[in-house]
Structure formats: structure tokens, C-alpha cells
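1. Need coordinates for the following:
(chains A, B and C)
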Amino acid sequence: MPLDRRDFLKYSALAVAATSGMPGFLARAATQATGQKTLVVIQLTGGNDGLNTLIPYSNGAYYAARPTIAIPKKDVLTLGPDLGMHPSLKPLMGLWDAGQLAWMENIGYPNPNRSHFASMAIWHTADPTQAQAEGWIGRIAEKIGDPFCASNIGSSTPQALRAAEFSLPSIDAVDNFQVKLPAGLEGAFGAMLDAPRSGEADYLVRATRQMMSNTQKVQANVGKYKAGATYPEGKFATQLKDAARLIASGTGQRILYVSLGGFDTHAGQRGEQDELLATLASGLAAFQTDLERQGVAERVVVMGFSEFGRRVAENDSAGTDHGQGSVMFALGKGVKGGIHGDSPDLEDLSLGDIKYKQDFRGVYAGALTGWLGLNARDILGGDFKGPQWLA
Amino acid sequence: MTLTPYSRPLTAEDAAHLLRRTSFGATDAQIRVLVGSDARTVARTLLSFDDAVAPNNPFDPAQAAAPGAGLQLIRARWLFEMLYGPHPLRERLTLLWSNHFVVGTDKVKNVPALTEYLSVLRKHAATPSFSAFALDVARTPAMLRYLDNDQNRNGKPNENFSRELLELFTTGIGNYTEDDVKEGARALSGWTFTGGRGNQKYLEASKFVFNPKQHDNGRKTYLGKTGNLTGEDVLALAAGHPATAVFVARKLHRAFVADAPAEAAVKGSAETFARTGGNIRAVLEELLSSEAFYASRAAVIRGPVDFIAAAVRSFGSPKMEPKQLLNLVQTAGRMGQLLLQPDTVKGWDGGREWINDTTLLGRMQLAAALSLGANAPTLDTPPTPLALLGTERAATAAALNGLSAKQRTYLMLISPEFQLA
Amino acid sequence: MVGLRFTEKHVLGGLIALLVLTAPAALALPKYRLQAITQFHLDDGSGLAALDRRVMSCSYCHVKESGGAPWNPFGEAIRATFKANAEAGGKAKFPEILSILLKSEQDADGDTYPDALEVWAKTLPGDAESKPTEPLETVQAEFEAAGGVGQFGPQETEKK
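-> Sure, this is the predicted structure:
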């Protein structure tokens, strides 16, 4: 074998880190000019019920299938003659009115899989045959040749960000990226570093000094960010705020990834989903306001998905079981607002689930070509048509 | 040429060096016991481990409530053995072999399969026969699943295991052709396993089986030998290839001598490997009592698991709560070394790759948690510079004056000297 | 080192983020089980309760050890409580549903010992073969003396 692919990729990743001695995404905080477009991907983990998110409120079959958990017509936020939003999504109405919120209906893929694990892997790898191990965002990073062009915000990196040879970084609180020595040890710590050394010990001292200088630079840079909106409490909103901070500080990621979990509403769905959708909407509304105030709203769009929708008929626990097709959403100034697709056909189901009419890879393709300026075919391994959701 | 033996009786610093490399770390008292001993005798004693395990291990993977819980329990059970077990060298070697014959929990989540894989690594930790070791590990369901040989069928070859066997487990790159990979896959066809497939069956045992119907019986040529070769033949040919001696010797030197080992010394061990028919115990006994070993100080950057085990063992293995141990497993993961889950089949490269800004910060935070934190383990005797730094005249020692015992421990743990073995 | 301000509190604050337990989403532990363990006070704080099926296996509510449909009588009782709550226009979540069910003094498995009593006595409320050895009145009295069903009230869950 002339050149080991593993080595090649690993060294190209290292080259970025080595020049700065630090993870590239933060290294660039000090240097990178702003200007590039960013895609923020929102993952709703657990299988969000699309029917109670974008509600076919004029369809009697919807109310017949869901005697206890349907959203009453009077509570629906009307978007058109057939469809309206869950009342918890009220914070997004302003974006809808401004034409900056897009819904995509009946999204799925061939041979739907109802396993969380398998279906999530399909969305992450953009491969319904489950042959690919690498994520679609990981493949973007390889194509761009920069392992730091995409970051997950959170503690563990999803498969979507897995590349052939590296996992793209997960950023779990930028505030922790600094040295915080216990009181009274500054002098001793300095004296310890100053002692003469050679070999690997000397290397470790240099690495430590470099790290201290880098972290100070990063904190000075991201420290300039002042939130332009009041974010709600909770982890999801805090992660969105970290995303806004990274974008506003010009750390240069093309893709940021944020997850909100708990959508696996097998029982007591109203209590669970109503709250989750409120968390989603209030977080995103604050995020969008913040981006406006930072003057970067033009170059950010948000795209949201879940691994599957849920069964049309409710179960005996006032919940819903795993289904197939569902809705996606997108928001931002670069988005073509409106509903892309038809109200779901509740008379023609597949094993009790909504049949998909639009392939999610077509939605990805829009983001890749229309927003990130990449060749979607290279990333997705085929041509996929989808709704024209970008302005 | 074999390695020149170290002929002087061990000093305290020699003993500290030996135990840093072979036992993760040790207390001052454990180090001083070895002073004046003969290097060869000590190496032989360290290598004569049996299968005794740490008493009262609180982690039982067989009782896992879910697949994810199973993985956490397997990792924690192993870390417990490293911190509290009677044979740290056996565990150090098991860690080394898990980074050689790599499997990953991204694909392998079955509890009995992973447990069996670890027990094969332990059994062969200082094996008298590398060939027997390679054959045993190749037939674990964990390996068959991880490198897809369970999908390798007559007429529908899957070359994944066949390739990595040569590239990463035995000869290394440059010593075989693409044809060898193809022919090896043909010979290995039909090796698969039954049971334990699918997430739901995470507690069901699985078992190696040879399926003759899926085996390619035809003539093959592999590494220069032709015949109706079987999987067993291929393992023996690859493990017995002359290049394997050098490849495996270099791995051992990287773990025990230096991140950048001297090729002359590697050759010495490779000759011993070849002469003894792949006797790892003999290679290690010679290596761990050699001039080259004792001459190479502070030359291996400790990985995250080593860092943790070194700290706890140097403290005298104080009791820690199961929750803290589970946290330590995850912490090692966040510093780049989640047990049984290297980034790729190539394993962790180690050395300077352990070090970047994030992991250095992580080490400082971890050091604080282990020494100054409210839940830091309680120590009867504070660890000495000899135990933590490997020497009593370390560059760091002067900086410690006037500090409290806990502060001294903290500062030593974040020193370059502690991070090296 | 100008600009660096250090306190011990900061160090420990940073540690929480680093030492937090994380599991990949796909391997997340079943959330109803975790909630029930907490609510039934089965977590000894060692960190092991969440991982160990001896503390509570899936067959506490499900028929199969690996979970999913079908459910045993206690699992069915939980499902029925969800449904009744929703039919009455309620939006109760799992912790509240558990509490409502236990307060209702039902005996799902028909072994004469009410569900709440079995939870407290650490026998299985969904399995008639598993019940306290002491007479009902004795266990009932001990249970009431130990605080009764109030101890299984819903607990605050973390904000997402």
C-alpha cells in the first residue's frame, strides 16, 4: 500500500493542530475573519411526532386516530387551510410571519427502519442501506480537508460527525477552556515550569506554556461576545448560546450541531412533547434574535430533523409508537419560508405510519449546494431532489 | 545480537522506573522493597503472574440492565483491576494488547464477547507463543465481528480481517502483497460465530464456529506458501513471519522503553522473539532487565488510563466509590482513551499525540480532583516525590517547599515528570 | 501570569463538566427505568443502580427482560393510568403517573398486596408470585409508619 489512508487523514488533521498546538476550532478564534456561511443542525433525538408538531387540523382522520392526544383545533397556530403549528411553537410565529421559517412535510427514506439506533444511523450517514460508517458531516470535513470545520456542541460526538479517521470535536462549554489554578499555587506552578529540563519533559513544559497562552487568547476573544438576547434556562438554550458565541467570535465552523433529546413519547405524550417543543421554540427564537443583534443572521441557517416520526394512531398509554415519515424544519434569513409539501395523507398509510414523499437526502442536498456551496453528489453519493427550502 | 543485561543492583530510582513502566506506578514502600535486587530476578517475578484478580470488584457486566450499561461496567471492571489488582503488569500488558489486536465497542457491544476477548488478552498477556495468542484472539467472536470475518464466505470474500492481520497484527506494511490479503481471506472464509447478535441479545454468549460450507477449499498461495491453506495455516504463517518479530518487538519497546525506540534495541528483542519462536515472556524478561530499559528514563508520555492508574497506585490504591471509578473511565475517554474504543483499528498512537491543549487542561483538572477536591481519596501517607516523580532530585522538587501535603501532591501530578514514565 | 485569577471553586466547577458521565445517545439507558429507580428510592448513590438489572430489571413492568411490548399487570396499570389521565384532559408525565397509580391503592397482580406496598417491600407489583411474606396488615402498618405512599411522590427532573 503506497500511502496509508488512515495516516494521511490523521496527519492532515494533526497538521492543523500542530501549527497552533491546540484544537484548530479554538485556535482560529484569534485569526479567522468572519464571512463564511454556517449551517446549524438541530437533532431532535427519540423520534419527534411530526403530526403533533405540524398539525393537519382540518383532517377528521387525525382527530379520529388520536382521541386523547390530538391538539384541539382551537389551540393550533394556523399556518394555512390544512396545517398549523403546535401551540408550544408560538415563539417561532414571528419568524413564520417574516417568511423565515420553512416546514418540510412527509420527509423520510426508502425502506423505513423503526429502530432508533438504525434510523438515526441512516440520517447520520445519509445512507438507508446502512453500509456507510462515516457521517455526512464527517464526509464534508474530509472533502473540505479541515477536521475542525464542523463541531458538535455537547458532550459526545454523534455519528453524523464521524469521519474515516477522526471524530470531529465536541465543544462542551467554552468557559472551561482556561487554566484555573487553586489559590496560592501560582508561584509554585511558575517555579515548577521554570526548572530546566530536556527531552519529553521539556516538550511537556513547552506544550503547557503554549496551552496557557492559547487559552488566554481564546478567552479574550470569546469574552468580547455579549449575548444579544435573553436565552431561556436549560441545557439546550445554553448550547445554542455557545453556538451563537462561536459564530459571532468567528471561530470559522461551517457546521454546528446541537441536540435536544426526550422525544420518544411512548406514554403521556402531551406532557412530554408540549414541554420539549416549548424548549425548542424558545431556544431557537432567542438564538435567532441574538444572531440579528450580532449582525450575523444573514450567514446562518438552522435545519432540524428527527430520526423518525410516530404512528398515526395513539397507543393505550396516551402516547405514540415509532413511525416513519415526519417533518423537518429550517429557519433563518436565508430560508424560503412556508410549507414545502402537502398535508400528510392519513387514508393511505404504511403499517399505520405516514408514507414518506420527500427524501431527506434532498433536503441535505439543498443545504450542501444551496447554502454551503459544496457538491452534494460528492457527499451523498447520488443526486437527490428535494424541496427548494432556501431563498 | 540480544540485549545487554543490566548488571548493577537496583537503586531506589531504578526500582521506581521499573514499577512506573510495568505496574502503572507504586508507593514509596513498594519501590524501596526492590532496592538492591537483581534486575533479572525482579523482571522474572513481575512476569510470573497467575489469574488472581482484585477482591470485591463492584462491577459485574453480566448484570447490566442495558447494552450501554454493559459497556460501562466492562470498562469500570477493568479499570478496577488496574487500580486494585494483584498483577498490574498483567493489566498493563492487557491494555497494550487491546491496543494491538484492536476491537471497538462502536461495533462490538455484546457483554460475554467483550469479556471473553479481555480474558484471552489476559491469558496471553505474557504468552509463550505469539502464534497461539494470535490464533485465539482471531477466533473470539469480538474480533470476528469487529473485522467482519463473520461475513467472509466462500465466493463472497470479506478481506477486512485478512488485511488487518497482516497490516496491524503481524508483519506490518511492506511485507506482504495485495494478493496475500485476498488469498488470506479465502483461507479464513467460513470462520464465524453463533449467538449474541443484535442489541437485544447483549447478554447472550456467542461462540466461534467453523462453517465448512462457507469455506473456500481451493489452493491458495499465502506469504510464499502454496496449498489448501486453512485459517489456522494463515494465522501461523503470518504470526511466524520474520517481519512479525520486528513489528511486535517495536510495539513492546514503544510501550516499555520509549515513544521513539532505538531500532538497534528493537532488533535485539526481535532476535529473541525469533529465536524463542515468539515467546513474549522471554522477550519481556530480557527487555525489562536490559541496559537499554534502565538507560531510558522519562521517555514515555503516559496515556490517560496510565495517568489515572499511576496516580491511584502511587497513592497506595485508596478506596474510591464505584461512582468515582465510573467517572474516571469516562474522564479517560474525554482525554482521548476510552477503554476498548480506540478511534480506529490501528489503535492509539500514543506519545505526543496524547497531548493537546484540551487534554493538558483535563489532566490539570483531574489532578485537582484527585488531590485537592472535596471527594479526593483519603491518604494515610502522602505520596513521596520518589513515587510520583520517579526520582528524589527532580526539577520539580524545589518548587514544592512550603506547600501543604495536598498542594504538593497536586503540583507533582501536574508536573512533566509525573506525566512521563 | 497576568490576567489569570484562580480560586479553588473554579477548579471544582470545571471538574463537573469534565467528570460528568456521558453515554452516546444510542446507548442511553431506558429513561422510565431510571426515573422509577429514583422515585422508588432504589438508588444507593453508588452509581451502580442505574446500570444493574438486579436493582430493577425491565421485567418489573414488561413481560420480557429486554423490554418492549407486552407488559405485565403492573406495566398495564401504568399504561391505563396514562390513558385515563389524558382522557380527562391531563398532561401528566411519567413521575406523576407513577405517583397517581401508587396512591390509587390498586393491586395490579392481584396478590392482595397493593402496588405501593410491594414497591416499598421490594417485591414485584406485576408478579403475583412475588409478594411480602408477612401478613398484609403487618406490612401495611410498617409501610404507613415508614411514611406511606407519600414517599413515592414525583421528583423534579432536570431542565433540558
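
2. Show me the shaky parts of the stretch 51-200 of chain B.
-> Scanning the stretch 51-200 of chain B for pLDDT under 70 picks out no residues.

3. what packs against the longest helix along chain C?
-> Among the segments of chain C that qualify as a helix by DSSP state H, the longest is helix C:73-87. Counting contacts by 3 or more C-beta pairs under 8 Å, 6 or more residues apart in numbering or on different chains; DSSP states H and E, helix C:73-87 is packed against helix C:94-103. Every C-beta, even on glycine, is put in place using the N, C-alpha and C of the backbone.

4. just the helices in the stretch 51-200 of chain B please.
-> Along the stretch 51-200 of chain B, counting by DSSP state H, counting those that start in this stretch, helices occupy B:67-84, B:88-98, B:111-123, B:130-138, B:141-146, B:160-164, B:178-188.

5. Look at whichever residue of the stretch 151-300 of chain B sits closest to chain C and say how many residues are nearby.
-> Residue nearest to chain C within the stretch 151-300 of chain B: B:Gln200 (4.6 Å; C-beta to the nearest C-beta). A count of nearby residues for B:Gln200, using other C-beta atoms under 10 Å in any protein chain shown, gives 13.

6. residues in contact with it?
-> Contacts for B:Gln200 (C-beta atoms under 8 Å, 6 or more residues apart in numbering or on different chains) come out as C:Ser66.

7. same check, this time on B:Ser290
-> B:Leu3, B:Thr4, B:Pro5, B:Tyr6, B:Ala265, B:Gly268.

8. would you list every one of the strands in the stretch 251-391 of chain A?
-> In the stretch 251-391 of chain A, the strands defined using DSSP state E, counting those that start in this stretch lie at A:255-261, A:300-306, A:326-331, A:338-340, A:349-350, A:353-354, A:358-359.

9. which residues sit against the fourth one?
-> If you take C-beta under 8 Å, 6+ apart as the criterion, strand A:338-340 is touched by A:54, A:79-80, A:83, A:99, A:102-105, A:358, A:387-389.

10. Mind listing what's buried along it?
-> A:Ile339, A:His340 (16 or more other C-beta atoms under 10 Å in any protein chain shown).

11. mean confidence score for it?
-> Across strand A:338-340, the average pLDDT comes to 98.

12. Run the chain-centre distance for it.
-> Remark: strand A:338-340 is offset 20 Å from the chain centroid, using C-alpha atoms, centre = their mean, to the nearest Å.

13. Could you check how many residues crowd around the one residue in the stretch 51-200 of chain A that gets nearest to chain B?
-> Among all residues of the stretch 51-200 of chain A, A:Ala195 sits closest to chain B, at 3.4 Å; criterion: C-beta to the nearest C-beta. As a burial measure, A:Ala195 scores 17 neighbours (other C-beta under 10 Å).

14. go on, the one 4 residues further on?
-> The local packing count at A:Gly199 equals 13, with neighbours defined by other C-beta under 10 Å.

15. hang on, it packs against B:Ile301?
-> No. In this structure A:Gly199 lies outside contact range of B:Ile301 using C-beta atoms under 8 Å: 10.7 Å.

16. so which strand or helix has the spatially most central residue of chain C?
-> Geometric centre of chain C, nearest residue: C:Ala36, 0.9 Å, by C-alpha atoms, centre = their mean. Take DSSP states H and E as the rule and C:Ala36 turns out to sit in helix C:31-39.

17. What is that helix packed up against?
-> helix C:94-103.

18. From the contact counts, what lies against the helix it packs on?
-> Packed on helix C:94-103, when contacts are counted by 3+ C-beta pairs under 8 Å, 6+ apart, are helix C:31-39, helix C:73-87, helix C:115-121.

19. Figure out how far it is from the centre of its chain.
-> 10 Å.

20. same deal with stretch B:286-302?
-> Worked out by C-alpha atoms, centre = their mean, stretch B:286-302 lies 17 Å from the chain centre.

21. And for stretch B:398-418?
-> 29 Å.

22. what distance separates the start and the end of that stretch?
-> 15 Å (C-alpha to C-alpha, to the nearest Å).

23. Please apply the same query to stretch B:62-69.
-> Start-to-end, stretch B:62-69 (C-alpha to C-alpha) is 10 Å.

24. Is that stretch positioned near chain C?
-> Yes. Applying C-beta under 8 Å from any C-beta of the partner chain, one finds stretch B:62-69 in contact with chain C at B:Gln63, B:Ala64, B:Ala65, B:Ala66, B:Pro67, B:Gly68, B:Ala69.
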